[in-house]
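1. Structure, please.
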Amino acid sequence: MSVLLQVQNVSKKFGGLTALKDVTFDLPSGQILGLIGPNGAGKTTLFNTINGVYKNDGGKVIFRGVDISDKKPYEVSKLGMSRTHQIVRPLNDLTVLENVQVGACFGHENHSLAQSLSIAKDTLEFVRLDQKIDQLASSLNVAQKKRLEMARALAAKPYLLLLDEVLAGLTPSEIDEMIKTILAIRDQGITILMIEHVMKAVMNVSDRIIVLDYGQQLAEGTPEEISENPEVIRAYLGDPKLAEKLMEDR
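-> Take a look at the predicted model:
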């Protein structure tokens, strides 16, 4: 299995604060890698460093064999990486369809506006938003906006999809539906790196999990290994019984 993404000793500082320190991991093609940790652990900072929002202060990010450490987000997107955001960012004055067309036009396949139409329609059907196609993005509820942002990212035809807390704020039934969508995305051959606080979900969909704590890697392993790791339980899960229940749910 080929390695799609390599994060090598990546560090990031904001003034005197070290947000990331020597983060290192490989992400093989076709896997789902979960990224967990307490609030402020550096998870979104790592996303922003990987896709070019922040320039890392040390180390390298290599995507599809290319060092992207100095590339801008739009350059990274052109290489086949797309993302969602923890706080959704729809283009509120555009329709649902037009939002997704934007993703198709600015992805690595460089589709024209005309070509983007069929891609956007197919993607909206995949995420079950095709009934909202002509509505303004601003009219959608939270769950629908999360699906819209996912659709816009998918329309870019990524090799790697970064998902930043796509389950936050959803009801249990909405979470179950989103989990099915995430697994369906993986089944299409798209590799996924996801930040998530809904532990039952991340334990069920991830092939491997990385735990960050104060900007450093605390642990890496399978969901089973992570749930049984004493340091993870102490720093994040907090209660051994919670870990046991999580594994019962798998």
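
2. just for this protein, where's the confidence low?
-> 1, 236-250 (pLDDT under 70).

3. does the most centrally placed residue in the chain have beta-bridge partners, and which?
-> Nearest to the geometric centre of the chain sits residue 163, at 1.8 Å (Cα atoms, centre = their mean). Applying DSSP bridges to residue 163 gives these bridge partners: residue 194.

4. Show me the longest helix that occurs in this structure.
-> Counting residues, the longest helix in the chain under DSSP state H turns out to be helix 172-187.

5. May I see the domains of this protein written out as residue ranges?
-> 1-80+160-166+190-250, 86-157 (automatic domain parsing).

6. Isn't residue 81 up against residue 153?
-> No. Shown here, residue 81 and residue 153 do not form a contact pair, counting by Cβ atoms under 8 Å, at 9.5 Å. In this view, the C-beta of every residue, glycine as well, is placed from N, C-alpha and C.

7. This structure: helices as residue ranges?
-> 43-50, 73-78, 96-105, 113-126, 142-155, 172-187, 199-205, 223-228, 230-232, 240-248.

8. Now distance to residue 213 too, for those, in TSV please.
-> Shown next, in TSV, are the helices of the chain (distance: least, Cβ to Cβ, whole Å):
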stretch	distance to residue 213
helix 43-50	10
helix 73-78	27
helix 96-105	33
helix 113-126	36
helix 142-155	27
helix 172-187	25
helix 199-205	15
helix 223-228	12
helix 230-232	8
helix 240-248	16
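
9. Let me know which of these is the nearest to residue 136.
-> Proximity to residue 136, assessed across the helices of the chain by Cβ to Cβ, is greatest for helix 96-105 (7.7 Å).

10. Show me how far the closest one is from its chain's centre.
-> Computed by Cα atoms, centre = their mean, to the nearest Å, the chain-centroid distance of helix 96-105 equals 19 Å.

11. Name the surrounding residues that touch it.
-> 82, 90-91, 94, 111-113, 115-117, 119-121, 123-124, 129, 132-137, 140, 148, 151-157 (Cβ atoms under 8 Å, 6 or more residues apart in numbering).

12. Now the buried members of the residues you listed.
-> Listed as buried from these are 82, 90-91, 111, 116-117, 119-121, 123-124, 129, 132, 136-137, 140, 148, 151-157; burial here means 16 or more other Cβ atoms under 10 Å.

13. Overlap in contacts, residue 81 and residue 153.
-> Common neighbours of residue 81 and residue 153 (Cβ under 8 Å, 6+ apart) are residue 161.

14. I'd like the domains of the chain laid out as JSON lines, including distance to residue 183.
-> Shown next, in JSON lines, are these (distance: least, Cβ to Cβ, whole Å):
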{"stretch": "domain 1-80+160-166+190-250", "distance to residue 183": "6"}
{"stretch": "domain 86-157", "distance to residue 183": "13"}
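
15. how much space between residue 47 and residue 7?
-> For residue 47, the distance to residue 7 (Cβ to Cβ, to the nearest Å) stands at 11 Å.

16. What count of nearby residues applies to the closest residue to residue 108 other than its chain neighbours?
-> Sequence neighbours aside, residue 80 is the residue nearest to residue 108 in space, at 4.3 Å (criterion: Cβ to Cβ, 6 or more residues apart in numbering). Neighbours of residue 80 under the rule other Cβ atoms under 10 Å: 20.

17. cool, residue 183 as well?
-> Residues near residue 183, counting by other Cβ under 10 Å: 13.
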